[in-house]
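Colleague: Below are the sequence and a predicted model for it; my questions follow.
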There are 2 protein chains.
Amino acid sequence: MLPAEMQVRDYVTGLIKETYKSFGFSPIETPCVEHIENLCSKQGGDNEKLIFKIMKRGDKLDVKNAESESEVTDSGLRYDLTVPLSRFYANHANELPSPFKALQIGSVWRADQPQHGRFRQFVQCDIDILGEAGCLAEIELILATTTLLGRLNFSNFKVRLNERRILKAMALYSGFAEEQFDQVFIILDKMDKIGWDGVKAELTETGFDMEKVERYIHMFAELQESEDGLGYLEEKLSGILEDGVIGNLRTIRKSVESAKACEFELVFDPTLVRGMSYYTGTIFEIEMEEFSSSVAGGGRYDRMIGKFTGKDVPACGFSIGFERIITILMEQGFEIPGASVKKAYLVEKKMPAEKLTEVLKEAKAERENGVQVLVTMMNKNKKFQKEQLMKEGYEEFREFFNR
Amino acid sequence: MLPAEMQVRDYVTGLIKETYKSFGFSPIETPCVEHIENLCSKQGGDNEKLIFKIMKRGDKLDVKNAESESEVTDSGLRYDLTVPLSRFYANHANELPSPFKALQIGSVWRADQPQHGRFRQFVQCDIDILGEAGCLAEIELILATTTLLGRLNFSNFKVRLNERRILKAMALYSGFAEEQFDQVFIILDKMDKIGWDGVKAELTETGFDMEKVERYIHMFAELQESEDGLGYLEEKLSGILEDGVIGNLRTIRKSVESAKACEFELVFDPTLVRGMSYYTGTIFEIEMEEFSSSVAGGGRYDRMIGKFTGKDVPACGFSIGFERIITILMEQGFEIPGASVKKAYLVEKKMPAEKLTEVLKEAKAERENGVQVLVTMMNKNKKFQKEQLMKEGYEEFREFFNR
C-alpha cells in the first residue's frame, strides 16, 4: 500500500472506530493464525477451501513419511472474523458484559486468484452483538453502519432486509422439502441477474415440480404487487411462519427509519438470500449505486457460538466491505477532511552542525503546532525533488543554505 | 485482546501515527505473507529459524511424494518489517520521493515458545529513512522516537549510540581477525550482565590470544576514563577508522541534544553491539528504567536494499518495542487522555416500537455530541449488569421503562 492510499485507509479506519465506539462497540483483536480444526467444518462454507495452511514445526513435522495434507499442517490463516470472534467469546464470556458489542478490524486471507480490487489478503471490518436475542441488535447494527456511511458522505444507498425463516416458510408453503431449500435459494439468489423467468426456468431444469415452482413464483408476484408485503406474508404464511418474525421486521424498519442519521432507504426484500449457511434469522445487505455488488452484509447467527461452547448464544453481526469502500473513495479522488499542513524544509548539503540545529529547532516548533514538517537534504535536481514532494502532498517549501 | 487493552493499543497507535507523520514519515503497508525465498537468507539471522511456513496449494502440493519441507512450502509469515520494506522499496522506488521516510505498524510472527509478555504474533512499529546517506537520518529517527516516548509521558530514558565501524576498528586495533569479530562482539554484548572480568574470562576461554584480549579490554578501560571518549577514539584509531565516523556521531549528539522535545540522555556507548548482522554503520537503542531490556532499537543498514534491487541504497531505521510499551502502560494503569464520556441506556424488555424509537433518538443526539452511548436491554439482574458495564468504563446510566 503506497502512502496516498494508506492515508485514506487510516482516515477511514479512524472514522470507523470513532463511529462504532459512539454506539458502544468495544474494539477487540484476535490472532490471525487459528487451529486448523477451528477453521474447518465450522460452516465457513466455500471459504474453507481457500485456507492458507501453515506447516507443523520442529519434531512434529515429518514430510518424508507423510501421506496427506492433514498430517503436515496444524493451523491456518483466518478467512473471516466470525470464527475467531466465536472462539474469543467462548474463552472470555465471563470477563465481558452481556450483551457484548464487539468491533473488529483485521486482515483475513483467502487463497483465491487475485483480481482487480480483489486481494488474497484483505481487511474485514465487523461489528457483532452477542447475547441480545431481540431486534435491538439488528437496529443498532443497521444504525451504526449507516451512520458510518453517511459520515463518509455516501448517500443513495439501500438497506435490503430479509429473514431466513421467511425464506424457509415461503419454500415450505410452496411444497419444497427442507433438504431442497439450499438448492432453491441458490437459484432465487440469481433473480437480480436472470429475472423471474430465469429463476423459473432454472428451478424447472433442476428437476423441481412445475406446480411447486409456479406456486413459489406466484407468491413472489403477489408479494410484489401488495402494498404491505409483510402484511401479505403474515396472512399467507400464518401457521407456517413462527410468531413474531413479521413484528420484528416491522419494529426494525420503523426504528431505523425514525432514528437514522443520514438519508437512505430500508426495504424488505424477500429475494435476499445471502450465502453463509450459519444465518438463522434476519439477513441484511447494503447496496450502493456507485458499486454493483453489496458494500455491507450481515445477519443473525444464533447457533454459531454454541459450536465452540456447547451452549447457544444469540448473535447478530454486520460487516462492511472495507476494501470496496476504499476502492470507491480512491476512484472518487477522496480528500481527507481536516488534514494537516505539510511543509518540506530543504537543507543544503554539508550544513554545519550548529546551523542544522537551528533548522531542527524551527521544525520542532512547527511540529508542536500541528504542522507536518519534512526535513530533508536538498537534492542536486531541486525541481524534480519538489515535484516528487508535491505528489506526496507537500505544498510549502523552505530552503536553508549555509551562508 | 480484550477491550481494555485494545483501547490503550488504539490510543498508542494513533499517537504513533500522529507523531511520526509530523516528522514527515509516510505510512505504508506490506503483505503479511512473503515468498519463502525472501524470508530465507536475507540476513534475518536466527529469526529465519522461527518462520511459520505456508503450504503450497492445489496441484502444486504433493505431500505424498515430497521428501523435504522445501518441496511443500512456497511462502511464510513475515518475522520482521525490514525484509518486506526492502521488497516494497525495490518495487516502488520510482513512485516514491527520495529520500523516502516510511512508517510501518504491523504484525509479525515468530514460532517461538510463548512466554509472559512474549507472543508468537506481535506488533512491530518501524520508521525507516531510505536514500539518505548523511546523519540527518539518524537525527530525525532519534528525535521522532524520543518525541513519541515523551508524549507517552516517559522520562528518565537513555539513548545509547554506537557505530559498527568503531566496533570493528577497536577489534582490528586489538589484533583480532575479521572473521573473529562476530564471536568477539557476541561476548562483548554480555558486558552488562557479566562485567569486564566476565568478558575477559569468556574471550580467553574461547581461545583468543591473551595479549589481544588484554589490549582490547584495556582500550575500553581508557575509553571509560577519558572525558571525551569520541576524541580518544579519533586519536587512537587514526588510520584504522574511516574518516567522518567520529564527526558524524558528534553531529548526531549535538543536534539531538539541542532539538529534543523531552528530557533524556544521549550517550555514546562503545559496548553496544545489537545482534542483526545487516547493520553497517550507526546502531542505537533506548533503555528505560521501568524495563530491563531495551524499548527501541535501530541502526543503519546500507547494504540490505541492494539484495533485492542489485543496487545499494543508504537506509537507516528505528523500531520501537510496541508490545513492551503497551505492557508497561497496562501495568502502570495508563488512563487514556481525553477519552469520551460513556453512558449506558438500559431499556426495559418488551418496549413497544414507538417508545424504543424515542430512546434511539435521544441516543442519536448524544452520539452526535461525542458521547459514547450503549443502548441495551435491561437484564433481570440489573445490579450485576451495571457492575459489568462499569468495568468497561460506563459511569452514567439511564433507565427507560414502558410506563
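Modeller: Sure, I can see it. Numbers count the residues shown, from 1 in each chain, chains lettered A, B, ... in the order given.

Colleague: wait, does stretch A:51-58 make contact with chain B?
Modeller: Yes - Stretch A:51-58 lies within reach of chain B by Cβ under 8 Å from any Cβ of the partner chain, at A:52, A:53, A:54, A:55, A:57. (Each C-beta comes from the backbone N, C-alpha and C, glycine too.)

Colleague: Serialize those residues to CSV and add fields for distance to residue B:336.
Modeller: Output for the residues of stretch A:51-58 next to chain B, formatted as CSV (distance: Cβ to Cβ, whole Å):
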residue, distance to residue B:336
A:52, 35
A:53, 39
A:54, 35
A:55, 40
A:57, 38
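
Colleague: Let me know whether residue A:138 touches residue A:252 as I believe.
Modeller: Yes - if you go by Cβ atoms under 8 Å, residue A:138 and residue A:252 touch, sitting 5.0 Å apart.

Colleague: which residues are common contacts for these two?
Modeller: residue A:282 (Cβ atoms under 8 Å, 6 or more residues apart in numbering or on different chains).

Colleague: buried set for the longest helix along chain A?
Modeller: Secondary structure of chain A per DSSP state H: the longest helix is helix A:3-22. By neighbour count, with 16 or more other Cβ atoms under 10 Å in any protein chain shown as the criterion, the buried positions of helix A:3-22 are A:3, A:5-13, A:16-17, A:19-22.

Colleague: and if you look at stretch A:249-259?
Modeller: A:249, A:250, A:251, A:252, A:253, A:254, A:255, A:256, A:259.

Colleague: Any residue of it touching chain B?
Modeller: Yes - contact between stretch A:249-259 and chain B, assessed by Cβ under 8 Å from any Cβ, occurs at A:250, A:251, A:254, A:255, A:258, A:259.

Colleague: and those as TSV, adding pLDDT and secondary structure?
Modeller: Below are these laid out as TSV (pLDDT from 0 to 100; DSSP: H, G, I helix; E, B strand; the rest coil):
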residue	pLDDT	secondary structure
A:250	96	helix
A:251	96	helix
A:254	95	helix
A:255	95	helix
A:258	93	helix
A:259	93	helix
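
Colleague: can you list the residues that contact the longest helix of chain A?
Modeller: So helix A:3-22 is in contact with A:1, A:27, A:103, A:105, A:123, A:125, A:127, A:144, A:147-148, A:151-152, A:320, A:322, A:325-326, A:329-330, A:334, A:336, A:339, A:392, B:10, B:14, B:17, B:26-29, B:96, B:340, B:367, B:370-373, going by Cβ under 8 Å, 6+ apart.

Colleague: Other residues contacting the lowest-mean-pLDDT helix or strand in chain A?
Modeller: Lowest mean confidence among the helices and strands of chain A (mean pLDDT, DSSP states H and E): helix A:306-309, at a mean of 86. Applying Cβ under 8 Å, 6+ apart, the external contacts of helix A:306-309 come out as A:38, A:42, A:43, A:86, A:87, A:89, A:90, A:93, A:312, A:313.

Colleague: can you check stretch A:183-194 too?
Modeller: Applying Cβ under 8 Å, 6+ apart, the external contacts of stretch A:183-194 come out as A:167, A:171, A:176, A:198-199, A:202-203, A:206, A:208, A:216, A:271, A:273, A:275.

Colleague: what about 7 Å?
Modeller: A:167, A:171, A:176, A:198, A:199, A:202, A:203, A:206, A:271, A:273 (Cβ atoms under 7 Å, 6 or more residues apart in numbering or on different chains).

Colleague: which ones among the residues you listed are found in helices?
Modeller: A:167, A:171, A:198, A:199, A:202, A:203.

Colleague: Now render those as JSON lines, adding distance to residue A:302.
Modeller: Formatted as JSON lines, the ones in helices among the contacts of stretch A:183-194 follow (distance: Cβ to Cβ, whole Å):
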{"residue": "A:167", "distance to residue A:302": "16"}
{"residue": "A:171", "distance to residue A:302": "20"}
{"residue": "A:198", "distance to residue A:302": "33"}
{"residue": "A:199", "distance to residue A:302": "29"}
{"residue": "A:202", "distance to residue A:302": "31"}
{"residue": "A:203", "distance to residue A:302": "29"}
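
Colleague: Out of those residues, which comes closest to chain B?
Modeller: residue A:167 (23.6 Å; Cβ to the nearest Cβ).

Colleague: wait, what's in contact with that closest one?
Modeller: Counted by Cβ under 7 Å, 6+ apart, residue A:167 has contacts A:185, A:273.

Colleague: Then residue A:342?
Modeller: A:372, A:393, A:394, A:395.

Colleague: Next one: the first one from residue B:97, what distance?
Modeller: According to Cβ to Cβ, to the nearest Å, residue A:372 and residue B:97 sit 14 Å apart.

Colleague: now do the second one
Modeller: Plainly put, residue A:393 is 11 Å away from residue B:97 if you go by Cβ to Cβ.

Colleague: These two: who's more crowded?
Modeller: residue B:97 (24 against 17; other Cβ atoms under 10 Å in any protein chain shown).

Colleague: can stretch A:222-240 be found next to chain B?
Modeller: No - Stretch A:222-240 is not in contact with chain B by Cβ under 7 Å from any Cβ of the partner chain; minimum separation 13.3 Å.

Colleague: Pull out the buried residues from that stretch.
Modeller: A:223, A:229, A:230, A:232, A:233, A:234, A:236, A:237.

Colleague: Distance to residue B:306 for those - can I get that in TSV?
Modeller: Output for the buried residues of stretch A:222-240, formatted as TSV (distance: Cβ to Cβ, whole Å):
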residue	distance to residue B:306
A:223	67
A:229	67
A:230	67
A:232	71
A:233	68
A:234	72
A:236	73
A:237	70
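
Colleague: Those into a markdown table, with extra columns for secondary structure?
Modeller: Below are the buried residues of stretch A:222-240 laid out as a markdown table (DSSP: H, G, I helix; E, B strand; the rest coil):
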| residue | secondary structure |
| --- | --- |
| A:223 | helix |
| A:229 | helix |
| A:230 | helix |
| A:232 | helix |
| A:233 | helix |
| A:234 | helix |
| A:236 | helix |
| A:237 | coil |
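
Colleague: Show me the shaky parts of chain A.
Modeller: A:41-45, A:117, A:276 (pLDDT under 70).

Colleague: in it, which spans are strands?
Modeller: A:26-27, A:33-35, A:53-55, A:73-77, A:100-109, A:121-130, A:157-163, A:264-268, A:282-288, A:291-300, A:315-320, A:342-347, A:372-377, A:396-400 (DSSP state E).

Colleague: So which of the ones you listed is the most surrounded?
Modeller: strand A:315-320 (a mean of 26; mean count of other Cβ atoms under 10 Å in any protein chain shown).

Colleague: what packs against it?
Modeller: With contacts taken as 3 or more Cβ pairs under 7 Å, 6 or more residues apart in numbering or on different chains; DSSP states H and E, strand A:315-320 sits against strand A:121-130, helix A:136-151, strand A:291-300.

Colleague: ok, 8 Å please
Modeller: Here strand A:315-320 touches strand A:121-130, helix A:136-151, strand A:282-288, strand A:291-300, going by 3 or more Cβ pairs under 8 Å, 6 or more residues apart in numbering or on different chains; DSSP states H and E.

Colleague: quick one on the thing from earlier: which one of the contacts of residue A:342 is nearest chain B?
Modeller: Using Cβ to the nearest Cβ, the contacts of residue A:342 come closest to chain B at residue A:372, 5.3 Å.

Colleague: Report the beta-bridge partners for the closest one.
Modeller: residue A:342 (DSSP bridges).

Colleague: contacting residues for it?
Modeller: A:340, A:341, A:342, A:343, B:21, B:22, B:23, B:24.
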